[in-house]
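Enquirer: here are the coordinates; sequence isn't available:
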Ligand code: IMP
Ligand code: MG
């Protein structure tokens, strides 16, 4: 049976959480495969509103196995906090599993994350400051500490001593910051290890066995494809290894690429970005910016503010050039289009269909950062629908103009739109084709 990957087609915050939440009803295993707690999913269900950073969104479907895969980096304090929050609100974490291979965010990582942003000057990325980037490059630098290491006291003591000696040199000599104390970290992280121990497992074998038994496995992407280290808008990207694009899903849980048969691409009906970097279709002032940022009628909680950092997101028109690029990059087989309702108040809606770059019309990603900054969007303008759509549950009940907008996006992506969200609640969605071929139960 296939594994299904759910990825973000833009710069993150496309609404993957609710799409994963929906599809997870058909799967028995739900796994996160990359990134760290720089990611944030908002999920609204009958228990209320939840912000998740590490635990897979499948946790709300009680009987499913939820895995934090080998490709994820874990801040233990944040994970323990998240587990406590879920438990307190009556959500069982009994079926949560943490990969013993996952890397651990250590106390020096957030410190270096922030210090480095300052040192980078104009090259600052606008990171989330969570230490995720530095944890990934310690992984690549082969000095990272993995979850399994925390569970072996003697080994951890030895590894920490060596790693900290090096990191304290970096903190003091490079950043002129005070050193960190070995004993404090040893005690604290040994304690974290013990708190995580009940969840730690050989998740690679678990996922492989589930695949062999023919179970559906859902791989939950974090961030968006345009933030991918290799194929995104470098250097304004995130540091996840494996990639945040769909192909990374196989590596990040320990499956072969042939296991990935379906890819759900989640696209917001417009464009947002947090952090620095070029965004050709950005709107920087005026009513349209406010409308897009504040969401449906400005209702509390629906606005464009980061789940992790609370930062206001940059907003703009749907960028068809980038969207088609990421659809092909990920091998998207099914599209979920989110927040269509946020466009309802607009008189007309623009869609970027090409860029003008140095007097040429192009429809591909500009090759360099400078070219990307020079690229001017070429827009097509579509009529708005001027009415509320949050109650619509069938495609046929959408206003003609809204259907026209959806169809245009379908044409640009070259992939069918199977799900449209029209509000933040679980049931506020239009599902036109079930990617699992089963019954449709929103
Ligand atoms: P980092 O991942 O914290 O190093 O940040 C690198 C870039 O990715 C910054 O522009 C962040 O704002 C962005 N980023 C990281 N995680 C997310 C996310 O979950 N949603 C949207 N943007 C993100
Ligand atoms: Mg997010």
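Expert: Perfect, I can see it now. Everything numeric in this text was worked out from a predicted model, so none of it was measured. Numbers count the residues shown, from 1 in each chain. Ligands and ions are numbered 1, 2, ... in the order given.

Enquirer: Tell me how far residue 259 lies from residue 384.
Expert: Applying Cβ to Cβ, to the nearest Å, the value for residue 259 to residue 384 is 42 Å. C-beta here means a position set from N, CA and C on the backbone, and glycine is covered the same way.

Enquirer: measure stretch 24-35 end to end?
Expert: 20 Å (Cα to Cα, to the nearest Å).

Enquirer: Stretch 117-130 now?
Expert: Distance across stretch 117-130, first residue to last, is 12 Å (Cα to Cα).

Enquirer: next one: stretch 81-100
Expert: Start and end residues of stretch 81-100 are separated by 19 Å (Cα to Cα).

Enquirer: Looking at residue 259 and residue 384, which is more packed in?
Expert: residue 259 (20 against 17; other Cβ atoms under 10 Å).

Enquirer: which one is that one nearest to, not counting chain neighbours?
Expert: residue 3 (4.7 Å; Cβ to Cβ, 6 or more residues apart in numbering).

Enquirer: Over to that neighbour: give its phi and psi.
Expert: Main-chain torsions, residue 3, degrees, to the nearest 10: phi -90, psi 140.

Enquirer: so who does it touch?
Expert: Residue 3 makes contacts with 211, 216, 217, 218, 219, 249, 250, 255, 259, 260, 261, 262, as judged by Cβ atoms under 8 Å, 6 or more residues apart in numbering.

Enquirer: do you know how far it is from ligand 1?
Expert: Distance, residue 3 to ligand 1, using Cβ to the nearest ligand atom, to the nearest Å: 22 Å.

Enquirer: helix, strand or coil for the closest residue to residue 126 other than its chain neighbours?
Expert: Nearest residue to residue 126, sequence neighbours excluded (Cβ to Cβ, 6+ apart): residue 275, at 3.4 Å. Secondary structure state of residue 275, per DSSP: H, G, I helix; E, B strand; the rest coil, is coil.

Enquirer: Please verify my assumption that residue 275 contacts residue 127.
Expert: Yes. Between residue 275 and residue 127 there is a contact under Cβ atoms under 8 Å: 6.9 Å.

Enquirer: circling back to that earlier point, between which two of the contacts of residue 3 is the distance greatest?
Expert: Greatest spacing in the contacts of residue 3, by Cβ to Cβ: 216 and 250 (15.4 Å).

Enquirer: confidence score at the residue nearest to residue 126?
Expert: Listed pLDDT for residue 275 reads 89.

Enquirer: Could you do residue 298 as well?
Expert: In this prediction residue 298 is given a pLDDT of 41.

Enquirer: Tell me where this protein has helices.
Expert: Assigned by DSSP state H, the helices in the chain fall at 16-23, 76-88, 108-119, 132-140, 147-150, 153-169, 182-196, 203-212, 248-253, 287-294, 320-330, 369-374, 400-413.

Enquirer: any idea how far the shortest one is from the chain center?
Expert: Translated: helix 147-150. Mean-position distance between helix 147-150 and its chain equals 25 Å (Cα atoms, centre = their mean, to the nearest Å).

Enquirer: helices or strands next to it in the packing?
Expert: Under the contact criterion of 3 or more Cβ pairs under 8 Å, 6 or more residues apart in numbering; DSSP states H and E, helix 147-150 touches strand 103-104, helix 153-169, helix 182-196.

Enquirer: any chance of these in CSV, with mean neighbour count, mean pLDDT and distance to residue 74 too?
Expert: Formatted as CSV, the helices and strands packed on helix 147-150 follow (neighbours: other Cβ atoms under 10 Å; pLDDT from 0 to 100; distance: least, Cβ to Cβ, whole Å):
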stretch, mean neighbour count, mean pLDDT, distance to residue 74
strand 103-104, 25, 98, 6
helix 153-169, 15, 98, 15
helix 182-196, 15, 98, 8
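
Enquirer: And these: which comes nearest residue 66?
Expert: Nearest to residue 66 among the helices and strands packed on helix 147-150 is helix 182-196; the distance by Cβ to Cβ comes to 14.1 Å.

Enquirer: now for the closest one, which elements pack on it?
Expert: Against helix 182-196 (3+ Cβ pairs under 8 Å, 6+ apart) you get helix 76-88, helix 147-150, helix 153-169.
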